[in-house]
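Trainee: model this:
(chains A and B)
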2 protein chains.
Amino acid sequence: MASLFERVAVVGVGLIGGSLALAARRAGLIGDVTGVGRSEANLATARARGIIDRAARDVAAIGPVDLVVLAVPVETTASVAQALVPHLASGTVVTDVGSVKGSIVEALEALLPPSCPFVGTHPIAGSERSGAGAAEADLFRGACCVITPTARTDARALDRVEALWRGVGARVRRMAPADHDRALAWTSHLVHALAYTLVAAIDAEDPNRFALAGPSLREATRVAGSLPELWRDIFLANRTAVSEAIATFSTQLERLRAAIAAGDGDAITRRLEAGRAGRRRLESEQ
Amino acid sequence: MASLFERVAVVGVGLIGGSLALAARRAGLIGDVTGVGRSEANLATARARGIIDRAARDVAAIGPVDLVVLAVPVETTASVAQALVPHLASGTVVTDVGSVKGSIVEALEALLPPSCPFVGTHPIAGSERSGAGAAEADLFRGACCVITPTARTDARALDRVEALWRGVGARVRRMAPADHDRALAWTSHLVHALAYTLVAAIDAEDPNRFALAGPSLREATRVAGSLPELWRDIFLANRTAVSEAIATFSTQLERLRAAIAAGDGDAITRRLEAGRAGRRRLESEQ
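Mentor: The predicted model follows:
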């Protein structure tokens, strides 16, 4: 059986790019893979782990491919795409995996030639680890992958990219880029803002308190081990929605605080019951 | 070898009380165990699982024991102790496992007769599950258990209770009750306030967004599955420290929000770097 994409270039062979290549190769969905990155050590790891067949330091050296996966940090996606344009063969499908979609989709649709269809995606998976060494073939199994077509999206490229994600085990969901960004501001970006702020605040108050950490603090702040530059860029790229989510969350948190300070048990209970009901709905997903 | 406590009564055979009895029996630290609780079904589970030898519906039916473990919700600990007083044999050690210590220690030291030494403890372990069915013999292995002696605490009873917790695998830390409460407001109570508020807020905004949840949201809000009454009572019992922790946290979160809204990448990075450094210190604990 022919591969879905015979020749593939993965620009940024990190946790997400590396895991996608690994999973897609094992599933027989892609053929030859060129990895592009700045770190020779990371590319060597990727080659040693069978994630890529060959390494390139620059997008100019990719050669003709059927698919380019842009798996670089969100703030650099557009500039990498810009550098890629002169080297793209007609018919090459371009996709990205960024955590923010509105600004990226807009920029890439403007940048790429009409002969190279673009499909924006965001696999909601990952961990606080990074690099090709952290890549896992099972990372996307059961995970949700949002695909964000627009009126300009090529239908056949959309179907092929969707087939790629389904083939590595993801549940695919199509959404408009702006809807994705508003939703993710809540379900992911806010969570990271809370985690970083929580450990920073405890550390500033009294780092000895970490000795009293239970599983709740450990789990809630695992993601604060993520790369700060990565999250700075996501916050900046989605700044309006993230800022609004934090503000709305803060208003609700202040209401709980006021109920606690006032010793209003009924008001506290109502808020905690609402949280528990929400948690049950979250658990019923997937 | 004689047991540390030959005859033990566990009032409240839930996740914590049940796990302590199970672990201490397996370690040979305690002998005969009477379980006290209102739910016959839960006590039957506890008996079937070998957590207790016999069940009692009321503290009046306990009979003479060497140790009473009060493992009931924090708001009921004092009233249960009050009911217990007429039935306590001289020399019986009384301990509790509540997540808040200041108010409980003060109340119980005032309530209990001088012949019945009290030792307050708080094992920092648990999960969102509850009941004897959720009890695990390994729950406290490697966990921190805070013991909160005061000037009134009997030295021998303190050592025996400490030996019990060490015997089930906990790392014991002695702290003043008020210091415990201020620390736990940050490392646990605030974490729960954030988790409940986060899922409640997403649910109120648009429950369909839960379909886009990644591991970060799932992990950060696991504890929002906990019993609301339990956490209402903890928040109320520690209301000053919890309210202060939420207020300080909110100030820091607002600074991150303002930096994001202003597009101030350097300010965002500084805050995320501080969070990552805190997370590293947390990870270096145990």
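Trainee: shouldn't A:S226 be in contact with A:A193?
Mentor: No - shown here, A:S226 and A:A193 do not form a contact pair, counting by Cβ atoms under 8 Å, at 11.7 Å. Glycine gets a C-beta too; all of them are placed from N, C-alpha and C.
Trainee: State the pLDDT value of the residue nearest in space to the middle of chain A.
Mentor: Centroid check for chain A by Cα atoms, centre = their mean gives A:S99 as the closest residue, at 3.8 Å. Here, the pLDDT recorded for A:S99 equals 93.
Trainee: tell me the contacts of the closest residue to it other than its chain neighbours?
Mentor: Leaving aside its chain neighbours, A:S99 sits nearest to A:I234 (5.0 Å; criterion: Cβ to Cβ, 6 or more residues apart in numbering or on different chains). Residues in contact with A:I234 (Cβ atoms under 8 Å, 6 or more residues apart in numbering or on different chains) are A:V74, A:S99, A:V100, A:H189, A:H192.
Trainee: What helix or strand is A:I234 located in?
Mentor: Following DSSP states H and E, one finds A:I234 within helix A:228-237.
Trainee: Name the residues of stretch A:61-75 that are buried.
Mentor: A:I62, A:V65, A:D66, A:L67, A:V68, A:V69, A:L70, A:A71, A:V72, A:P73, A:V74, A:E75 (16 or more other Cβ atoms under 10 Å in any protein chain shown).
Trainee: Identify each of the strands in the stretch 151-286 of chain A and give its residue range.
Mentor: Secondary structure of the stretch 151-286 of chain A (DSSP state E, counting those that start in this stretch): strands at A:171-174.
Trainee: and the stretch 1-150 of chain A, which residues reach chain B?
Mentor: Within the stretch 1-150 of chain A, the positions near chain B by Cβ under 8 Å from any Cβ of the partner chain are A:I124, A:A125, A:G126, A:S127, A:A143, A:C144, A:V146.
Trainee: tell me the domain boundaries of chain A?
Mentor: A:5-175, A:179-284 (automatic domain parsing).
Trainee: could you dump those domains to a markdown table with distance to B:T248?
Mentor: Compiled in a markdown table, the domains of chain A are given as follows (distance: least, Cβ to Cβ, whole Å):
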| stretch | distance to B:T248 |
| --- | --- |
| domain A:5-175 | 25 |
| domain A:179-284 | 6 |
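Trainee: Any idea how many residues pack against the closest residue to A:L70 other than its chain neighbours?
Mentor: Sequence neighbours aside, A:D96 is the residue nearest to A:L70 in space, at 4.1 Å (criterion: Cβ to Cβ, 6+ apart). Look at A:D96: counted by other Cβ atoms under 10 Å in any protein chain shown, it has 27 neighbours.
Trainee: same check, this time on A:A155
Mentor: 9.
Trainee: ok, now A:G131?
Mentor: 16.
Trainee: does it really touch A:G14, like I thought?
Mentor: Yes - A:G131 lies in contact with A:G14 (Cβ under 8 Å); the separation is 5.7 Å.
Trainee: can you tell me which two in the residues of the stretch 1-150 of chain A next to chain B are farthest apart?
Mentor: A:S127 and A:V146 (18.4 Å; Cβ to Cβ).
Trainee: For the two, indicate the residue with more neighbours.
Mentor: A count of neighbours by other Cβ under 10 Å puts A:V146 above the other of A:S127 and A:V146, at 25 against 16.
Trainee: Give the rounded mean pLDDT of the helix or strand hosting the more buried one.
Mentor: Using DSSP H and E, A:V146 sits within strand A:144-147. Regarding strand A:144-147, the rounded mean pLDDT is 97.
Trainee: One more: stretch A:273-286?
Mentor: The average of the pLDDT scores along stretch A:273-286 is 94.
Trainee: Contacts for that stretch next, please.
Mentor: A:142, A:144, A:171, B:195-204, B:207, B:210-211, B:213, B:217-218, B:221-222, B:224-226, B:228.
Trainee: Which ones among these map onto helices?
Mentor: Among the contacts of stretch A:273-286, the ones falling in helices (DSSP state H) are B:195-204, B:217-218, B:228.
Trainee: Including secondary structure and distance to B:S90, could the buried residues of stretch A:61-75 go into CSV?
Mentor: Converted to CSV, the buried residues of stretch A:61-75 look like this (DSSP: H, G, I helix; E, B strand; the rest coil; distance: Cβ to Cβ, whole Å):
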residue, secondary structure, distance to B:S90
A:I62, coil, 84
A:V65, coil, 84
A:D66, coil, 84
A:L67, strand, 80
A:V68, strand, 81
A:V69, strand, 75
A:L70, strand, 76
A:A71, coil, 71
A:V72, coil, 73
A:P73, coil, 69
A:V74, helix, 69
A:E75, helix, 71
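Trainee: now, the most widely separated pair of these?
Mentor: A:D66 and A:E75 (26.9 Å).
Trainee: Wasn't A:G91 part of a helix?
Mentor: No - if the criterion is DSSP: H, G, I helix; E, B strand; the rest coil, then A:G91 is coil and not within a helix.
Trainee: do you know how far it is from B:R38?
Mentor: 71 Å (Cβ to Cβ, to the nearest Å).
Trainee: Would you mark the buried spots in the lengthiest helix in chain A?
Mentor: As assigned by DSSP H, the longest helix anywhere in chain A is helix A:239-261. Within helix A:239-261, the residues that count as buried by 16+ other Cβ under 10 Å are A:239, A:241-246, A:248-250, A:252-253, A:256-257, A:259-261.
Trainee: Show me what the strand holding A:V146 pairs with in its sheet, parallel or antiparallel.
Mentor: Strand pairing for strand A:144-147, using DSSP bridges, gives strand A:118-124 (antiparallel), strand A:171-174 (parallel).
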